[in-house]
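Engineer: fold the following, please.
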Amino acid sequence: MRGIIVVTGTGTEVGKTVATAAMAAAALERGLSVAVLKPAQTGVAAGEPADVETVRQLAGEEVTGAELARYPEPLAPGTAARRSGLACVAPAQIAEAARRLAHVHDLVLVEGAGGLLVRFDDAGATLADAARLLDAEVVVVAAAGLGTLNATALTTEALRARGLRTRGVVIGSFPAEPDLATRCNVEDLPAASGAALAGALPAGAGAMSTPDFRAAAPSWLTGRLGGSRKASDPRSPALGI
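Structural biologist: The predicted structure follows:
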């Protein structure tokens, strides 16, 4: 996995940052250089650790981190920018920053804020617009349980409607004791989304030490995302079932 990959979620709190860290760690284990770009960080004050720092803490300090804008209120970037009086981030700025990083890194991961169509400005620009400018594939991070089939299908449908390609779907936090809906979702997500299930992260992965996270991350991801998990094995230990 090389080039520029955009990472989005089916919503907030689905494990997008930890999934980004896992992809970065898997790439580092393969000897690739990695950068992570966060176009807009919301809900974090100046000087506080944010998503880029979380990725570097989990995957390794050799990951290059970049952030274009930070807004203190935990809102959609466009709303947060308007309320704070700060400048919005335009898709063209995101694309330019990602391309600069790609000149000197093997892999650039662009992590969005919330879901795919969260607005970056009052004109309605979204992460999908940046992905289209970059002609980048998109990884969709989804929840594990009930309701995720619909949310994931809506996200991948929106990507296809915009001519964008889905690299794969990753379950951002898979419980140690999955319920019936969660177990069924492992088999149903590919059909519902029209995209490959490319990984699943165990719940609590974000609390692991850097060495443990780095060593385990490739086993959570299939080869589509630079990992070692077999896509044909639905009972993989990485899924906890």
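Engineer: burial count for residue 160?
Structural biologist: Residue 160: 12 surrounding residues under other C-beta atoms under 10 Å. Quick note: C-beta positions are derived from backbone N, CA and C, even for glycine.
Engineer: nope, residue 94 is what I was after
Structural biologist: Residue 94 has 27 nearby residues by other C-beta under 10 Å.
Engineer: phi, psi of residue 175?
Structural biologist: The phi/psi pair for residue 175 (degrees, to the nearest 10) reads phi -70, psi 150.
Engineer: same question, the one 10 residues further on
Structural biologist: Dihedral pair for residue 185: phi -60, psi -30, per degrees, to the nearest 10.
Engineer: swap in residue 169?
Structural biologist: phi -110, psi 140.
Engineer: for it, give me the pLDDT.
Structural biologist: Per-residue confidence (pLDDT) for residue 169: 97.
Engineer: same deal with residue 44?
Structural biologist: Reported pLDDT for residue 44: 88.
Engineer: now it. Nearest residue, chain neighbours left out?
Structural biologist: Counting by C-beta to C-beta, 6 or more residues apart in numbering, residue 44 lies nearest to residue 50, which is 4.5 Å off, once chain neighbours are set aside.
Engineer: neighbours around that neighbour, how many?
Structural biologist: Counted with other C-beta under 10 Å, residue 50 comes out at 18.
Engineer: just checking, it touches residue 36?
Structural biologist: No: Residue 50 lies out of contact with residue 36 (C-beta atoms under 8 Å); the separation is 11.1 Å.
Engineer: my guess is residue 22 contacts residue 201, does it?
Structural biologist: Yes: the criterion here is C-beta under 8 Å, and residue 22 meets it with residue 201 at 5.9 Å.
Engineer: more neighbours, those two?
Structural biologist: Between residue 22 and residue 201, counted using other C-beta under 10 Å, residue 22 has the larger neighbour count: 33 against 26.
Engineer: return the per-residue confidence for the closest residue to the more buried one other than its chain neighbours.
Structural biologist: Leaving out its chain neighbours, the residue that sits closest to residue 22 by C-beta to C-beta, 6+ apart is residue 217, at 4.2 Å. We have a pLDDT of 97 for residue 217.
Engineer: any idea how far residue 217 is from residue 18?
Structural biologist: As judged by C-beta to C-beta, to the nearest Å, residue 217 and residue 18 stand 10 Å apart.
Engineer: where do the helices of this structure begin and end?
Structural biologist: Here the chain has its helices, by DSSP state H, at 16-29, 51-59, 77-84, 91-104, 127-134, 148-161, 180-193, 210-220.
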